[in-house]
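# quick one: sequence plus predicted model below, questions after.
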Amino acid sequence: MTFLITIFALGLVIFLHELGHMLMAKRAGIGVYEFSVGMGPKVVSRQWGETLYSLRILPLGGFVKLAGLDDDDHHQAPADKNFNSKSIMARFLTISAGSIMNIILGFTIFVLMFTFIGVPRVNNVVKNVLKDSPAQSVGLQSGDIFLEINDHPITLPKRDIINTIHHSAGKPLKILVERQGNEQTLFITPKANDMNPEIGLIGIVLDATITRYNPLKSIQLGAQETYTRVRLVFVSLSMLINGKAGLKDMAGPIGIIQIASFQLHQNFLSFLDIMALISISLGVINLFPLPVLDGGHLVLLLVEAVRKKRLNKKWENAINNIGTAILIALMVIVVINDVINWESRVGLLKSLTQ
């Protein structure tokens, strides 16, 4: 059931991306031949006006066929409906509307989370101690209250407790806790995470309180969170380029479903958070200046704006064909990587709850 819900949610993200393209195209007077949710053979379709609306068998993916961009023997765009006859700005907005819609969706999810569901803020109280963990071996118990780590008072639990433990794999820590009104000093050495030896774990779950905000504050926090997630895309890309992250750290369609399903299994709030991240990431990555992606089309529009005329059609086709081949090859590699690393990713996800 979690897989089905996840696939439906991802389909919604893609649906809104394509909906953005279609709505902006219709507003600009560009003909829309087809609006499709899913890929592969059609399951059901219906013609409304000039547009064929279809649902296809593979739930991940979708497309919009625009007059002038996707003409074939069955569709020949009239001049007043042709994408290429519209202004640079109208075409620019039509191409970028899908990504804008995804970023707005992520922002909206955050605002709704902050307003109606609330955000868990970890505190310094131990909720659970895992069996056979370093925490259990030194006598930490549920209900213990962290007061100090290495003689530093706890003021921000996430920073002072979680981050300190994560950065102390194999290094002894002195902790001061309060138990039933009495203070106790314990010494504990975080163990290295099996999946990432640089991360230390002691085997505890901290308690958390749910905080809700008024709508204005939620909008502010939603904007901040959206900016953070946009920035995260570029940080992740830089890590791939400089070698700090490798192929095994990438997630394709299968990996995304696996991660999102795991988050849904944990709790609905975590699931909403990862879906917001996926939507924002999809929007940002689609704007990368690569052939076939929306960003590649935007680059061609910028070239046209500078040259005062379109690039030769043969050059456009050659660029798009090369981009398509590269994209297909990359997707095959990523899918194979998802399958190979399925079990190791399961272990990593489980470790995040410790």
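Received, thanks.

# could you show me where the strands are in the stretch 201-350 of the chain, in order?
Secondary structure of the stretch 201-350 of the chain (DSSP state E, counting those that start in this stretch): strands at 204-211.

# quick check: which ranges of it have low pLDDT?
Scanning the stretch 201-350 of the chain with the threshold set as pLDDT under 70 gives 245, 247-249, 252-253, 346-350.

# now do the helices in the stretch 151-300 of the chain.
Counting by DSSP state H, counting those that start in this stretch, the stretch 151-300 of the chain has helices at residues 157, 164-166, 215-241, 253-266, 268-285, 294-307.

# which of the ones you listed sits most buried?
Among these, helix 268-285 has the highest mean neighbour count (mean count of other C-beta atoms under 10 Å), at a mean of 21. C-betas here are computed from N, CA, C, even on glycine.

# list of residues touching that helix?
Helix 268-285 has contacts (C-beta atoms under 8 Å, 6 or more residues apart in numbering) with 6, 9-10, 13-14, 16-17, 98-103, 105-107, 109-110, 113, 117, 119-120, 225-226, 229-230, 232-234, 256, 259-260, 263-264, 293.

# about what we covered before: of all the helices of the stretch 151-300 of the chain, which lies closest to L69?
Within these, the stretch nearest L69 is helix 294-307; the backing value is 8.5 Å (C-beta to C-beta).

# what helices and strands are in contact with that closest one?
Applying 3 or more C-beta pairs under 8 Å, 6 or more residues apart in numbering; DSSP states H and E, we find helix 294-307 packed against helix 88-112, helix 313-340.

# and stretch 47-55, which residues are buried?
Residues of stretch 47-55 classed as buried: 51-54 (neighbour count, 16 or more other C-beta atoms under 10 Å).

# burial measure for K131, as a count.
Other residues within reach of K131, judged by other C-beta atoms under 10 Å, total 7.

# contact partners for it?
If a contact means C-beta under 8 Å, 6+ apart, then K131 has no contacts.

# relative to S137, how far out is it?
Shown here: K131 relative to S137, a distance of 10 Å by C-beta to C-beta, to the nearest Å.

# now the helices of the stretch 151-300 of the chain as TSV including distance to N84?
TSV is the format used below for the helices of the stretch 151-300 of the chain (distance: least, C-beta to C-beta, whole Å):
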stretch	distance to N84
helix 157	57
helix 164-166	53
helix 215-241	31
helix 253-266	32
helix 268-285	25
helix 294-307	9
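
# quick one: closest of the ones you listed to G181.
Nearest of those to G181, taken as C-beta to C-beta: helix 157 at 20.2 Å.

# so what does that closest one touch, helix or strand wise?
Judged by 3+ C-beta pairs under 8 Å, 6+ apart, helix 157 is in contact with strand 119-129.

# tell me the angle of the strand it packs on relative to strand 204-211?
With axes from the mean of the first three to the mean of the last three C-alpha atoms, to 10 degrees applied, the angle from strand 119-129 to strand 204-211 works out at 150 degrees.

# nearest the middle, which residue of this structure would you pick?
Per C-alpha atoms, centre = their mean, the C-alpha nearest to the average position across the chain is that of I278, at 2.1 Å.

# out of the helices of the stretch 151-300 of the chain, nearest to G203?
Closest among the helices of the stretch 151-300 of the chain, once you apply C-beta to C-beta, is helix 164-166, at 10.0 Å.

# wait, S45 touches I57, no?
No: using C-beta atoms under 8 Å, S45 is not in contact with I57; the gap is 12.0 Å.

# so which of those two has more stuff around it?
Between S45 and I57, counting by other C-beta under 10 Å, S45 is the more crowded of the two (13 against 10).

# name the nearest residue to that one, ignoring sequence neighbours.
Nearest residue to S45 in three dimensions, chain neighbours excluded: S54, at 3.8 Å (C-beta to C-beta, 6 or more residues apart in numbering).

# could you look up the SS state of the one you found?
Under DSSP: H, G, I helix; E, B strand; the rest coil, S54 falls in the strand class.

# for it, give the beta-bridge partners.
Per DSSP bridges, the residues bridged to S54 are S36, S45.

# thought it was touching M39?
No: taking C-beta under 8 Å as the definition, S54 is not a contact partner of M39, at 10.5 Å.

# who's in contact with N124?
Counting by C-beta under 8 Å, 6+ apart, N124 makes contact with 145-147, 154, 157, 161, 206.

# adding distance to F268, write those out as TSV.
Listed next are the contacts of N124 as TSV, based on distance: C-beta to C-beta, whole Å:
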residue	distance to F268
I145	28
F146	28
L147	33
I154	29
P157	23
I161	25
L206	20
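
# buried ones only from the residues you listed, please, as a PyMOL command.
Listed next is the PyMOL selection for buried residues among the contacts of N124, using 16+ other C-beta under 10 Å:
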select buried, resi 145+146+154+157+161+206
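
# out of the contacts of N124, which one sits closest to V335?
Using C-beta to C-beta, L206 comes nearest to V335 of the contacts of N124, at 36.4 Å.

# who touches the closest one in this structure?
With contact taken as C-beta under 8 Å, 6+ apart, L206 is in contact with 122-127, 157, 161-162.

# can we see that at 7 Å?
If you count contacts by C-beta atoms under 7 Å, 6 or more residues apart in numbering, L206 has them with 122-123, 125-127, 157, 161.
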